[in-house]
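1. Fold the following and give me the result.
(2 chains, ligands or ions: 2)
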Amino acid sequence: MPSPEGSSPGRRLTAYLALLGHPDLRVVPSQSDDGPRPVLMGPEVRLPDALDPELAWAAVAHAAAHHAHPREPWSGDPLKPVSRAIIGALEDARVELLTSARFPGLGRRWRAWHTATPADGGTFEALLARLGRALVDPAYDDPHPWVQKGLGFFFADDQRRALACPEGREADWRRIAGRLGHDIGQQRLPFNDRTFVVTPAYRDDHRWWWPPEVDPQPQEAPSPPDAGSTEDPPLPIAEDAVHRYPEWDHLISTLRPAWCTVRIRLAARGSVPEPPPGLAGRTARALGLAGVRVRRFRQAEGHDLDLAAVVDHALHRRLGLPPDDRVHQDVVRRRQPGALVLLVDASASTMGALAGGGTILGELLGMARLLGQTWQGPVVIRGFRSRGRHDVELVDLDAPGAVLDGLGSTRLGAAVRHATADLARLPGPRRLLILTDGRPHDIDVHDPRYLVEDARHALATARRRGVTAEALVLGDQGRAQARTLDHLFRRGSWSPLRRLGDLPGALVRLMA
Amino acid sequence: MDRYRLTREPFYQPVGEECGLFHAAYARRQPVLLKGPTGCGKTRFVEAMAWRLGLPLVTVACHDDLTAGDLTGRWLLDAHGTRWQDGPLTIAARGGALCYLDEVAEARPDTAVVIHPLADTRRILPLEKCGEVVTAHPDFCLIASYNPGGSAKTLKTSTRQRFVALTFTYPEPATEAAIVAQESSGKLDVAEKLVAFAQRTRRLARHGLEEGASTRMLIHAAQLVGQGASLRAACQMAVIAPLSDDEELLLALAAALDAVA
Ligand SMILES: Nc1ncnc2c1ncn2[C@@H]1O[C@H](COP(=O)(O)OP(=O)(O)OP(=O)(O)O)[C@@H](O)[C@H]1O
Ligand SMILES: [Mg+2]
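-> Numbers count the residues shown, from 1 in each chain, chains lettered A, B, ... in the order given. Ligands and ions are numbered 1, 2, ... in the order given. Presented below is the predicted three-dimensional model:
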């Protein structure tokens, strides 16, 4: 599942934004037409994937500065490219200086990226970078008259302490940019708007700022890669019932009632690979570990004394009653397999090939089948996939030759809620095991954390109802995304594996 | 009973109407549940109330393995035969103390049930094992604390509904800074900076930090500063590092500390 959005830098930087006082903003990866620059758009801070981590902190802090010191919208009156570039530098300096007053550490962070010096020369770009540095770094002295002139307009005092235009009103910026731009024109310094990039690299391109006609419109977003292809005919419906489940929206900390629609469908017929010989036996032994630890009191033998029983024993002897010699306690694992629901991830990404041949889904189905055959209690096997919240499919894979194709996405929360409801009807200990290749994802959700948080919520609810909820994660995602999976499934409640043959080991890690 | 009396007045800074409301509840001997995040002053509040009422305070830290016998009492053997020993709940009920069940939700629900007859109008404690029914002393009152965000465990409805509840949160910044300065015998400006940083950490629930920095942590940090540590090192050691194990959050917290320092 290609979801770089949920990668750790995004989470770290979004938390940083919250700590800086902007809980509504979030860091997401750049879109295709963003280029190598940070882009601010609405509540999003879009950063290129491979951004240097230090640059990323500075970029996010810069975004916070813009949001902390918003400005009136730009009028849309025409503006020369040179003026636009100058105004960008003025506005960046304004918001950074105002922010540094409250966050001195941010000023330090930004200044580290300003490296322009007189040695860079006298092109317009160089002069603008030199002015940009002089505006935010009082320790930097630049003798160039144009830079000095800019400082004189920008600051109200010689010490570069008080801003002349702290609100950054459009009229003021136009006036200053007009004067500074005039000098550039007089000196016939060339400027190419097409190749110009704002410096330093942590600063965004201000596209949120300029009226739309000045900036290229963002292109139509490409269709999500994990979306289901439309050629696949839907599977026959197993039952008329349509199940609706709520969904947890972490942004508003609320369960949206009856948000997802789940339908149960019948599987296609096909062949599931036979497990390698010997695997069934090893799997069965691993499953033997699945039991609840029980402390038994008043035992004839055991590792520890049961103090209450010892006291009773002595009491009885004192009172002249026959003593009970069972004064030990021990801990046993009670083999009570109970009911098991297996949820098999059948989203499009599971059609991916495995290193050793075959598809991820084939391997997941093989695992489900093996578990189904070796589990001692009642088993229910369901494949799940989705195409948005109105169309979550649970495919009945209980029959021996049942298979399905991987398509669509992974709305794990809804599947877990349905499985929990199924388990509630079964007696004894209950267990839910999710077989997957990674993380939840669906076509109608763009916030990468949304479905993770929803699934986490569904799993927590299941656990509160006494269901042991665990996951086996097949493929490379497991190790790469350990932290996300720890968060989603809970540390110790999921286990990575590379192929079917690893199943017994993974089960031991999970259940022992 | 005297060994359960406080020997000096605890420092407690009221943050709202909690003292008056507690006294009203105590006047009718209503059991009081204190809800709130860790380290926000619940225990200190109980100590202060015990002092003001001039009552002994019996505290029980509740946990998974707590049995009814641990609360009510048990038979012991001695050189001459058997002897009944009252548990803390019985001691408090007989002796007219405040009984404080700290983190009551940690106790198993079937254990918590032994407080039921004491926590309603009966005010009795049947001791099945020794065949006695203890009638609570008129001064006796039950108090329990509970951190709704701190654990997955909750209280049985029948236990919960026997209590009136006071909800605790972190005090207003100025009040909290005064508490931190007082408790750490430190400077107010240091305390103010610590509180300002703590407040930032308290908005991270959505980012995987269920509870932000507690007043207790800030006192620790201020004490380290008093010992000569820099504010930043103290914050890192007493606030950030103990707050989470999540590497990403730790990085964000350290960067935020760097921003304000
Ligand atoms: N209102 C207050 N007045 C005085 N001190 C306070 C106050 N609030 C908090 N404190 C200080 O904070 C510390 C932690 O408070 P306390 O031990 O009462 O927390 P708690 O709410 O009982 O936490 P827990 O749920 O973890 O037991 C106290 O030792 C005290 O120093
Ligand atoms: Mg306490």
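
2. How about the residue in the stretch 51-200 of chain B positioned nearest to chain A: what's its closest non-neighbour residue?
-> Closest residue of the stretch 51-200 of chain B to chain A, CB to the nearest CB: residue B:200 (4.7 Å). No exception for glycine: its C-beta is placed from N, CA and C like everyone else's. Nearest residue to residue B:200, sequence neighbours excluded (CB to CB, 6 or more residues apart in numbering or on different chains): residue A:19, at 4.7 Å.

3. Just list the residues touching the one you found, thanks.
-> Residues near residue A:19 by CB atoms under 8 Å, 6 or more residues apart in numbering or on different chains: B:200, B:201, B:203, B:204, B:252, B:253, B:255, B:256, B:259.

4. Among those residues, which lie within helices?
-> B:200, B:201, B:252, B:253, B:255, B:256, B:259 (DSSP state H).

5. Out of these, the closest to ligand 1 would be?
-> Checking the ones in helices among the contacts of residue A:19 against ligand 1 with CB to the nearest ligand atom, the nearest one is residue B:201 at 15.9 Å.

6. What distance do you get for that closest one to residue B:242?
-> Computed as CB to CB, to the nearest Å, the residue B:201 to residue B:242 distance reads 11 Å.

7. And residue B:213, by the same measure?
-> For residue B:213 relative to residue B:242 (CB to CB), the value is 9 Å.

8. In contact with the residue of the stretch 51-200 of chain B closest to chain A: list those residues for me.
-> For residue B:200, the contact set (CB under 8 Å, 6+ apart) comprises A:18, A:19, A:20, A:21, B:212, B:256, B:260.

9. List only those of these flagged as buried.
-> Neighbour-count burial (16 or more other CB atoms under 10 Å in any protein chain shown) applied to these gives A:18, A:19, A:20, A:21, B:212, B:256, B:260.

10. Residue B:58: how many residues sit nearby?
-> By the criterion of other CB atoms under 10 Å in any protein chain shown, residue B:58 has 23 neighbours.

11. Confirm that it sits in a strand.
-> Yes: counting by DSSP: H, G, I helix; E, B strand; the rest coil, residue B:58 is found in a strand.

12. Chain neighbours aside, what residue packs nearest to it?
-> Leaving out its chain neighbours, the residue that sits closest to residue B:58 by CB to CB, 6+ apart is residue B:92, at 4.0 Å.

13. burial of the one you found, as a residue count?
-> Around residue B:92 there are 31 residues (other CB under 10 Å).

14. Specify the local secondary structure of it.
-> Per three-state DSSP, residue B:92 ends up helix.

15. My understanding was that it contacts residue B:134; is that so?
-> No: taking contacts as CB atoms under 8 Å, residue B:92 lies outside contact range of residue B:134: 10.3 Å.

16. most distant residue from the middle of chain B?
-> Distance from the centre of chain B peaks at residue B:80, with 39.9 Å (CA atoms, centre = their mean).

17. Out of the contacts of residue B:200, which is nearest to ligand 1?
-> Among the contacts of residue B:200, residue B:212 lies closest to ligand 1 (CB to the nearest ligand atom), at 13.5 Å.

18. quick one: the closest one from residue B:249, how far?
-> 11 Å.

19. Mind listing the shared neighbours of these two?
-> B:204, B:243.

20. Around ligand 1, which positions in the stretch 101-250 of chain B sit nearby?
-> B:145, B:147, B:179, B:183, B:215, B:216, B:219 (CB under 6 Å from any ligand atom).

21. Give me the subset of those residues that lies in strands.
-> Applying DSSP state E to these, the entries found in strands are residue B:145.

22. In TSV, list the residues of the stretch 101-250 of chain B next to ligand 1 along with distance to residue A:409 and pLDDT.
-> Formatted as TSV, these follow (distance: CB to CB, whole Å; pLDDT from 0 to 100):
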residue	distance to residue A:409	pLDDT
B:145	44	95
B:147	37	89
B:179	50	97
B:183	52	96
B:215	45	97
B:216	44	97
B:219	48	97
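
23. Just the ones in helices from the residues of the stretch 101-250 of chain B next to ligand 1, please.
-> Counting by DSSP H, these contribute B:179, B:183, B:215, B:216, B:219 to helices.

24. could you list every residue that touches the closest residue to residue B:123 other than its chain neighbours?
-> Using CB to CB, 6+ apart and skipping residues adjacent in sequence, the residue nearest residue B:123 is residue B:136, 4.2 Å away. Residue B:136 makes contact with B:93, B:94, B:118, B:123, B:124, B:125, according to CB under 8 Å, 6+ apart.

25. are any of those buried, and which?
-> Among those, those buried by neighbour count (16+ other CB under 10 Å) are B:93, B:94, B:118, B:123, B:125.

26. Surely the third one touches residue B:94?
-> What that stands for is residue B:118. No: look at residue B:118 against residue B:94 with CB under 8 Å: they stay out of range, at 11.3 Å.

27. what separates residue A:254 from residue A:453, distance-wise?
-> Residue A:254 sits 12 Å away from residue A:453, taking CB to CB as the criterion.

28. shared neighbours, the two?
-> Jointly contacting residue A:254 and residue A:453 under the rule CB under 8 Å, 6+ apart are residue A:248.
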